[in-house]
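A.B. asks: return a 3D structure for these sequence lines:
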Amino acid sequence: MDMGFQESVGCALHGQGKNASEDIVIRIDADGFIIHTSSNACRLGIDFNSLLLMPHVADLAAPQFAADVSRYCSSVLAFEERREWIEFARPAPQEEDTDADDESEAELHWYALNLRPVGRDSSGIGGAIGILRSVQEKHEAVRAIGREIAGGAASPASRDPVTGLANRHALCSSLSSTIAGARNHENSPASVAIFAIDRMRAIFMQYGQSTADEIRWGFARYLGTMTSPPHELAQLDDERFGVLLRGMSQREARDWASDVLKTFAGLTMASPGRASELTASAGIARAEISVDWTMRQAELGLVMARAGGGMQTGICRTSSPVISGDAMERAMEEAVQRAVEQSGQTTRMRPSATAIQKRA
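C.D. replies: Residues are numbered from 1 along each chain as shown. The predicted structure follows:
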(Lines give C-alpha, C1' and ligand atoms only; values in the text may rest on other atoms or scores of the structure.)
Protein backbone atom coordinates (compact mmCIF):
# COMPACT_ATOMS: atom_id res chain seq x y z
CA MET A 1 0.00 0.00 0.00
CA ASP A 2 1.42 3.36 -1.02
CA MET A 3 2.25 5.34 2.08
CA GLY A 4 2.56 8.67 0.27
CA PHE A 5 5.17 10.03 2.70
CA GLN A 6 5.77 13.76 2.82
CA GLU A 7 8.60 15.59 4.61
CA SER A 8 6.53 16.05 7.78
CA VAL A 9 5.86 12.32 7.86
CA GLY A 10 9.54 11.52 7.52
CA CYS A 11 10.36 13.82 10.43
CA ALA A 12 7.74 12.11 12.59
CA LEU A 13 9.15 8.68 11.79
CA HIS A 14 12.79 9.66 12.28
CA GLY A 15 14.44 7.43 14.87
CA GLN A 16 11.44 5.17 15.41
CA GLY A 17 12.48 2.30 13.19
CA LYS A 18 16.05 1.67 14.33
CA ASN A 19 16.86 -2.06 14.43
CA ALA A 20 13.21 -2.92 13.89
CA SER A 21 12.93 -4.31 10.35
CA GLU A 22 9.71 -6.16 11.22
CA ASP A 23 7.86 -3.08 12.50
CA ILE A 24 4.56 -2.29 10.81
CA VAL A 25 4.19 1.34 9.74
CA ILE A 26 0.70 2.80 9.95
CA ARG A 27 -0.81 6.21 9.28
CA ILE A 28 -4.11 7.45 10.67
CA ASP A 29 -6.27 10.44 9.80
CA ALA A 30 -7.40 13.18 12.18
CA ASP A 31 -10.20 10.92 13.48
CA GLY A 32 -7.97 7.94 14.21
CA PHE A 33 -8.92 5.82 11.19
CA ILE A 34 -6.16 3.96 9.41
CA ILE A 35 -5.50 5.34 5.93
CA HIS A 36 -2.17 3.70 5.03
CA THR A 37 -0.11 0.73 6.19
CA SER A 38 3.17 -0.82 5.16
CA SER A 39 3.02 -4.03 3.13
CA ASN A 40 3.94 -6.24 6.11
CA ALA A 41 0.67 -5.31 7.87
CA CYS A 42 -0.71 -8.60 6.54
CA ARG A 43 1.00 -10.18 9.57
CA LEU A 44 -1.92 -8.86 11.59
CA GLY A 45 -4.19 -11.25 9.69
CA ILE A 46 -5.95 -8.37 7.89
CA ASP A 47 -5.88 -7.72 4.14
CA PHE A 48 -6.09 -3.93 4.23
CA ASN A 49 -6.07 -3.68 0.40
CA SER A 50 -9.37 -5.53 0.20
CA LEU A 51 -11.21 -3.38 2.76
CA LEU A 52 -13.78 -0.85 1.58
CA LEU A 53 -13.82 0.91 4.94
CA MET A 54 -10.57 1.15 6.88
CA PRO A 55 -10.75 0.36 10.61
CA HIS A 56 -10.05 2.71 13.50
CA VAL A 57 -6.66 2.12 15.09
CA ALA A 58 -8.43 1.02 18.30
CA ASP A 59 -10.09 -1.78 16.31
CA LEU A 60 -6.69 -3.47 16.07
CA ALA A 61 -6.83 -4.20 19.80
CA ALA A 62 -8.84 -6.85 21.59
CA PRO A 63 -12.05 -5.41 23.12
CA GLN A 64 -10.61 -5.14 26.63
CA PHE A 65 -7.77 -2.91 25.34
CA ALA A 66 -9.67 -0.86 22.73
CA ALA A 67 -10.63 1.99 25.09
CA ASP A 68 -7.03 2.51 26.21
CA VAL A 69 -5.79 2.57 22.61
CA SER A 70 -8.53 5.02 21.66
CA ARG A 71 -7.58 7.39 24.50
CA TYR A 72 -3.91 7.15 23.54
CA CYS A 73 -4.77 7.96 19.92
CA SER A 74 -6.88 10.97 20.95
CA SER A 75 -4.02 12.33 23.08
CA VAL A 76 -1.61 12.02 20.14
CA LEU A 77 -3.96 13.79 17.73
CA ALA A 78 -4.59 16.56 20.29
CA PHE A 79 -0.83 17.05 20.82
CA GLU A 80 -1.31 16.32 24.52
CA GLU A 81 1.35 15.00 26.89
CA ARG A 82 1.24 11.21 26.87
CA ARG A 83 3.31 8.09 27.27
CA GLU A 84 5.46 7.27 24.26
CA TRP A 85 4.29 3.68 23.77
CA ILE A 86 1.11 1.79 24.57
CA GLU A 87 0.96 -2.00 24.72
CA PHE A 88 -2.13 -4.01 23.86
CA ALA A 89 -3.12 -7.49 22.75
CA ARG A 90 -5.12 -8.49 19.70
CA PRO A 91 -6.43 -11.84 18.48
CA ALA A 92 -3.62 -13.81 16.86
CA PRO A 93 -3.93 -14.82 13.19
CA GLN A 94 -5.40 -18.30 12.81
CA GLU A 95 -2.15 -19.92 11.76
CA GLU A 96 -0.45 -18.71 14.96
CA ASP A 97 -3.08 -20.32 17.20
CA THR A 98 -1.51 -23.77 17.41
CA ASP A 99 -2.12 -24.46 21.10
CA ALA A 100 -5.84 -24.95 21.51
CA ASP A 101 -5.43 -26.19 25.08
CA ASP A 102 -4.03 -22.86 26.30
CA GLU A 103 -6.71 -20.59 24.90
CA SER A 104 -6.08 -17.58 27.12
CA GLU A 105 -2.47 -17.21 25.97
CA ALA A 106 -2.58 -18.60 22.41
CA GLU A 107 -5.43 -16.43 21.12
CA LEU A 108 -3.78 -13.11 21.93
CA HIS A 109 -0.66 -11.56 20.42
CA TRP A 110 0.94 -8.55 22.11
CA TYR A 111 1.98 -5.36 20.29
CA ALA A 112 3.39 -1.95 21.23
CA LEU A 113 2.16 1.13 19.38
CA ASN A 114 4.01 4.43 19.01
CA LEU A 115 2.21 7.29 17.24
CA ARG A 116 3.44 10.80 16.48
CA PRO A 117 1.27 13.62 15.14
CA VAL A 118 2.03 15.10 11.73
CA GLY A 119 0.94 18.35 10.13
CA ARG A 120 -1.27 18.51 7.07
CA ASP A 121 0.57 17.73 3.82
CA SER A 122 -0.21 18.84 0.26
CA SER A 123 -3.15 16.43 0.12
CA GLY A 124 -4.69 18.04 3.18
CA ILE A 125 -4.21 14.96 5.35
CA GLY A 126 -3.05 15.44 8.93
CA GLY A 127 -3.40 12.84 11.63
CA ALA A 128 -0.51 10.79 12.93
CA ILE A 129 1.98 8.19 11.85
CA GLY A 130 3.87 5.56 13.78
CA ILE A 131 4.95 1.98 14.15
CA LEU A 132 3.34 -1.17 15.49
CA ARG A 133 5.90 -3.54 17.02
CA SER A 134 5.41 -7.11 18.20
CA VAL A 135 6.35 -7.56 21.87
CA GLN A 136 5.01 -11.10 22.11
CA GLU A 137 8.42 -12.53 23.01
CA LYS A 138 8.68 -10.29 26.08
CA HIS A 139 5.20 -11.22 27.32
CA GLU A 140 5.84 -14.93 26.78
CA ALA A 141 8.99 -14.65 28.91
CA VAL A 142 7.05 -12.86 31.67
CA ARG A 143 4.33 -15.53 31.57
CA ALA A 144 6.95 -18.27 31.77
CA ILE A 145 8.37 -16.66 34.91
CA GLY A 146 4.86 -16.32 36.33
CA ARG A 147 4.13 -20.00 35.71
CA GLU A 148 7.40 -20.95 37.36
CA ILE A 149 6.61 -18.78 40.38
CA ALA A 150 3.01 -19.97 40.65
CA GLY A 151 3.64 -23.68 40.52
CA GLY A 152 7.22 -24.41 39.56
CA ALA A 153 9.64 -27.03 40.72
CA ALA A 154 10.18 -25.54 44.16
CA SER A 155 7.77 -26.53 46.91
CA PRO A 156 5.66 -23.91 48.77
CA ALA A 157 7.97 -24.26 51.78
CA SER A 158 10.91 -23.06 49.66
CA ARG A 159 9.16 -19.87 48.53
CA ASP A 160 8.87 -16.44 50.12
CA PRO A 161 5.30 -15.87 51.41
CA VAL A 162 5.18 -12.24 50.21
CA THR A 163 6.80 -12.38 46.77
CA GLY A 164 6.31 -16.04 45.91
CA LEU A 165 9.93 -16.29 44.80
CA ALA A 166 12.16 -19.26 45.50
CA ASN A 167 14.31 -18.80 48.60
CA ARG A 168 18.06 -18.83 49.19
CA HIS A 169 18.20 -22.62 49.56
CA ALA A 170 16.60 -23.15 46.13
CA LEU A 171 18.98 -20.69 44.46
CA CYS A 172 22.04 -22.24 46.13
CA SER A 173 20.92 -25.68 44.95
CA SER A 174 20.76 -24.44 41.36
CA LEU A 175 24.07 -22.63 41.77
CA SER A 176 25.71 -25.83 43.03
CA SER A 177 24.58 -27.70 39.91
CA THR A 178 25.82 -24.87 37.69
CA ILE A 179 29.26 -24.83 39.31
CA ALA A 180 29.51 -28.62 39.06
CA GLY A 181 28.60 -28.47 35.38
CA ALA A 182 31.21 -25.78 34.76
CA ARG A 183 33.87 -27.99 36.35
CA ASN A 184 32.92 -30.79 33.96
CA HIS A 185 32.88 -28.34 31.03
CA GLU A 186 29.18 -29.01 30.52
CA ASN A 187 27.96 -25.45 30.94
CA SER A 188 29.04 -22.02 29.78
CA PRO A 189 30.21 -19.44 32.35
CA ALA A 190 27.68 -18.17 34.87
CA SER A 191 27.46 -15.33 37.37
CA VAL A 192 25.43 -14.36 40.42
CA ALA A 193 23.92 -10.93 41.10
CA ILE A 194 22.59 -9.93 44.52
CA PHE A 195 20.23 -6.93 44.57
CA ALA A 196 19.00 -4.90 47.53
CA ILE A 197 16.83 -1.80 47.77
CA ASP A 198 18.84 1.02 49.32
CA ARG A 199 17.76 2.26 52.77
CA MET A 200 15.21 -0.53 53.15
CA ARG A 201 15.49 -0.57 56.94
CA ALA A 202 14.88 3.17 57.08
CA ILE A 203 11.77 2.68 54.93
CA PHE A 204 10.56 -0.02 57.32
CA MET A 205 11.16 2.19 60.39
CA GLN A 206 9.35 5.16 58.84
CA TYR A 207 6.43 3.51 57.02
CA GLY A 208 5.98 0.11 58.66
CA GLN A 209 5.90 -3.53 57.61
CA SER A 210 2.99 -3.27 55.15
CA THR A 211 4.72 -0.64 53.03
CA ALA A 212 8.00 -2.54 53.19
CA ASP A 213 6.22 -5.70 51.99
CA GLU A 214 4.60 -3.78 49.12
CA ILE A 215 8.00 -2.48 48.04
CA ARG A 216 9.50 -5.97 48.25
CA TRP A 217 6.64 -7.37 46.18
CA GLY A 218 6.95 -4.61 43.58
CA PHE A 219 10.72 -4.97 43.30
CA ALA A 220 10.34 -8.75 42.94
CA ARG A 221 7.86 -8.26 40.09
CA TYR A 222 10.22 -5.77 38.44
CA LEU A 223 13.19 -8.13 38.66
CA GLY A 224 10.95 -10.86 37.26
CA THR A 225 10.26 -8.81 34.13
CA MET A 226 13.98 -8.10 33.71
CA THR A 227 14.97 -11.75 34.18
CA SER A 228 14.25 -14.32 31.50
CA PRO A 229 15.00 -18.07 31.28
CA PRO A 230 17.47 -19.69 31.71
CA HIS A 231 18.28 -17.19 34.46
CA GLU A 232 16.82 -17.83 37.91
CA LEU A 233 15.48 -15.30 40.43
CA ALA A 234 15.17 -15.90 44.19
CA GLN A 235 14.67 -13.96 47.40
CA LEU A 236 17.58 -14.41 49.79
CA ASP A 237 16.11 -12.62 52.84
CA ASP A 238 13.86 -9.67 53.70
CA GLU A 239 16.10 -7.21 51.84
CA ARG A 240 18.09 -9.06 49.21
CA PHE A 241 17.29 -10.79 45.94
CA GLY A 242 19.60 -13.14 44.06
CA VAL A 243 19.77 -13.87 40.33
CA LEU A 244 21.67 -16.81 38.84
CA LEU A 245 22.76 -15.59 35.40
CA ARG A 246 23.55 -18.67 33.35
CA GLY A 247 25.70 -18.07 30.29
CA MET A 248 26.82 -14.60 31.43
CA SER A 249 30.40 -13.65 32.17
CA GLN A 250 31.12 -11.40 35.13
CA ARG A 251 31.44 -8.36 32.87
CA GLU A 252 28.20 -9.15 31.02
CA ALA A 253 26.45 -9.65 34.36
CA ARG A 254 27.68 -6.28 35.61
CA ASP A 255 26.45 -4.53 32.44
CA TRP A 256 23.07 -6.24 32.77
CA ALA A 257 22.77 -5.35 36.47
CA SER A 258 23.69 -1.72 35.73
CA ASP A 259 20.88 -1.52 33.18
CA VAL A 260 18.47 -3.04 35.72
CA LEU A 261 19.41 -0.44 38.34
CA LYS A 262 19.21 2.51 35.93
CA THR A 263 15.81 1.42 34.64
CA PHE A 264 14.50 0.96 38.18
CA ALA A 265 15.74 4.41 39.21
CA GLY A 266 14.00 5.91 36.19
CA LEU A 267 10.72 4.17 37.01
CA THR A 268 10.75 5.48 40.59
CA MET A 269 11.61 9.06 39.66
CA ALA A 270 8.84 11.35 40.92
CA SER A 271 9.36 13.89 38.11
CA PRO A 272 12.07 14.74 35.56
CA GLY A 273 15.09 16.36 37.13
CA ARG A 274 14.35 15.08 40.64
CA ALA A 275 16.17 12.27 42.42
CA SER A 276 14.58 8.82 42.38
CA GLU A 277 12.48 8.00 45.44
CA LEU A 278 13.70 4.39 45.44
CA THR A 279 17.09 3.09 44.34
CA ALA A 280 18.84 -0.25 44.53
CA SER A 281 22.38 -1.63 44.50
CA ALA A 282 23.88 -4.89 43.29
CA GLY A 283 26.88 -7.12 43.92
CA ILE A 284 28.24 -9.35 41.15
CA ALA A 285 30.34 -12.52 41.34
CA ARG A 286 31.50 -15.21 38.94
CA ALA A 287 30.02 -18.64 39.69
CA GLU A 288 33.12 -20.61 40.61
CA ILE A 289 34.92 -22.69 43.29
CA SER A 290 31.89 -23.27 45.56
CA VAL A 291 28.45 -21.98 46.45
CA ASP A 292 29.67 -20.34 49.67
CA TRP A 293 32.57 -18.65 47.88
CA THR A 294 30.39 -17.33 45.07
CA MET A 295 27.66 -16.00 47.37
CA ARG A 296 30.24 -14.42 49.67
CA GLN A 297 31.90 -12.62 46.76
CA ALA A 298 28.56 -11.32 45.50
CA GLU A 299 27.57 -10.13 48.99
CA LEU A 300 30.91 -8.36 49.40
CA GLY A 301 30.30 -6.68 46.06
CA LEU A 302 26.94 -5.47 47.37
CA VAL A 303 28.65 -4.06 50.48
CA MET A 304 31.08 -2.18 48.24
CA ALA A 305 28.25 -0.81 46.08
CA ARG A 306 26.33 0.44 49.12
CA ALA A 307 29.49 1.89 50.67
CA GLY A 308 29.92 3.88 47.46
CA GLY A 309 26.58 5.61 48.00
CA GLY A 310 24.16 3.12 46.48
CA MET A 311 22.57 2.80 43.02
CA GLN A 312 25.70 1.04 41.72
CA THR A 313 27.09 -2.39 41.02
CA GLY A 314 30.06 -3.76 42.93
CA ILE A 315 32.50 -6.57 42.17
CA CYS A 316 34.82 -7.99 44.82
CA ARG A 317 37.66 -9.52 42.87
CA THR A 318 39.76 -12.33 44.31
CA SER A 319 42.77 -10.04 44.61
CA SER A 320 40.75 -7.11 45.91
CA PRO A 321 41.98 -5.62 49.21
CA VAL A 322 38.35 -5.42 50.39
CA ILE A 323 38.67 -9.09 51.40
CA SER A 324 41.02 -8.10 54.21
CA GLY A 325 39.46 -7.36 57.59
CA ASP A 326 40.81 -3.79 57.72
CA ALA A 327 39.44 -2.89 54.31
CA MET A 328 36.07 -4.45 55.11
CA GLU A 329 35.90 -2.50 58.36
CA ARG A 330 36.62 0.72 56.49
CA ALA A 331 33.89 -0.05 53.94
CA MET A 332 31.37 -0.75 56.70
CA GLU A 333 32.35 2.39 58.57
CA GLU A 334 31.90 4.47 55.43
CA ALA A 335 28.46 2.97 54.86
CA VAL A 336 27.41 3.76 58.44
CA GLN A 337 28.82 7.26 58.16
CA ARG A 338 26.79 7.97 55.03
CA ALA A 339 23.64 6.66 56.72
CA VAL A 340 24.28 9.00 59.67
CA GLU A 341 24.80 11.99 57.38
CA GLN A 342 21.68 11.22 55.33
CA SER A 343 19.52 11.00 58.44
CA GLY A 344 20.50 14.57 59.31
CA GLN A 345 22.60 13.83 62.36
CA THR A 346 25.43 16.26 62.87
CA THR A 347 27.62 14.16 65.15
CA ARG A 348 30.22 12.25 63.13
CA MET A 349 30.74 8.67 64.21
CA ARG A 350 33.27 6.05 63.11
CA PRO A 351 32.34 2.89 64.99
CA SER A 352 34.51 -0.18 64.99
CA ALA A 353 33.53 -3.42 63.29
CA THR A 354 32.76 -4.92 66.72
CA ALA A 355 30.27 -2.15 67.48
CA ILE A 356 28.59 -2.65 64.10
CA GLN A 357 28.22 -6.35 64.75
CA LYS A 358 26.63 -5.67 68.16
CA ARG A 359 24.09 -3.32 66.56
CA ALA A 360 23.24 -5.89 63.93
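
A.B. asks: where does the protein have low pLDDT?
C.D. replies: Residue ranges of the chain with pLDDT under 70: 1-21, 94-106, 120-125, 142-158, 183-187, 269-276, 317-360.

A.B. asks: could I get the full set of helices for it?
C.D. replies: Under the criterion DSSP state H, the chain contains helices at 7-13, 63-77, 103-106, 136-151, 168-183, 200-207, 209-226, 250-267, 291-307, 325-342, 353-359.

A.B. asks: can you tell me what sits against the fifth one?
C.D. replies: So the one you mean is helix 168-183. Taking contacts as C-beta atoms under 8 Å, 6 or more residues apart in numbering, the residues outside helix 168-183 that touch it are 154, 158-159, 187, 189-190, 192, 232, 234-237, 242, 244, 246, 287-291, 294-295. Quick note: C-beta positions are derived from backbone N, CA and C, even for glycine.

A.B. asks: what residues go with each domain of the chain?
C.D. replies: Structural domains annotated on the chain: 7-134, 156-323, as defined by automatic domain parsing.

A.B. asks: for A141, find the nearest of those domains.
C.D. replies: Closest approach to A141 among those is made by domain 156-323 (4.2 Å; C-beta to C-beta).

A.B. asks: before we move on, the earlier item: any chance of the domains of the chain in CSV, plus distance to A141?
C.D. replies: Shown next, in CSV, are these (distance: least, C-beta to C-beta, whole Å):
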stretch, distance to A141
domain 7-134, 11
domain 156-323, 4
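
A.B. asks: could you say which of the ones you listed is packed most deeply?
C.D. replies: Highest mean neighbour count of these: domain 156-323, a mean of 18 (counted as mean count of other C-beta atoms under 10 Å).

A.B. asks: what distance do you get for the closest residue to L278 other than its chain neighbours to F241?
C.D. replies: Counting by C-beta to C-beta, 6 or more residues apart in numbering, L278 lies nearest to T268, which is 4.1 Å off, once chain neighbours are set aside. Separation of T268 from F241 (C-beta to C-beta, to the nearest Å): 16 Å.

A.B. asks: what about stretch 230-247, start to end distance?
C.D. replies: Using C-alpha to C-alpha, to the nearest Å, one end of stretch 230-247 lies 9 Å from the other.

A.B. asks: quick one: contacts of that stretch?
C.D. replies: Contacts for stretch 230-247 (C-beta under 8 Å, 6+ apart): 145, 160, 163, 165-168, 170-171, 174-175, 178, 187-197, 200-201, 212, 216, 219-220, 223-224, 227, 248, 252-253, 256, 287, 295, 298, 302.

A.B. asks: hang on, Y222 packs against F264?
C.D. replies: Yes. If you go by C-beta atoms under 8 Å, Y222 and F264 touch, sitting 6.2 Å apart.

A.B. asks: relative to F88, how far out is the closest residue in space to I26 that isn't next to it in sequence?
C.D. replies: Spatial nearest neighbour of I26, chain neighbours left out: T37 (5.0 Å); criterion: C-beta to C-beta, 6+ apart. T37 sits 17 Å away from F88, going by C-beta to C-beta.

A.B. asks: before we move on, what about A298?
C.D. replies: To F88, A298 is 39 Å away according to C-beta to C-beta.

A.B. asks: what do you get for L302?
C.D. replies: Per C-beta to C-beta, L302 is found 38 Å from F88.
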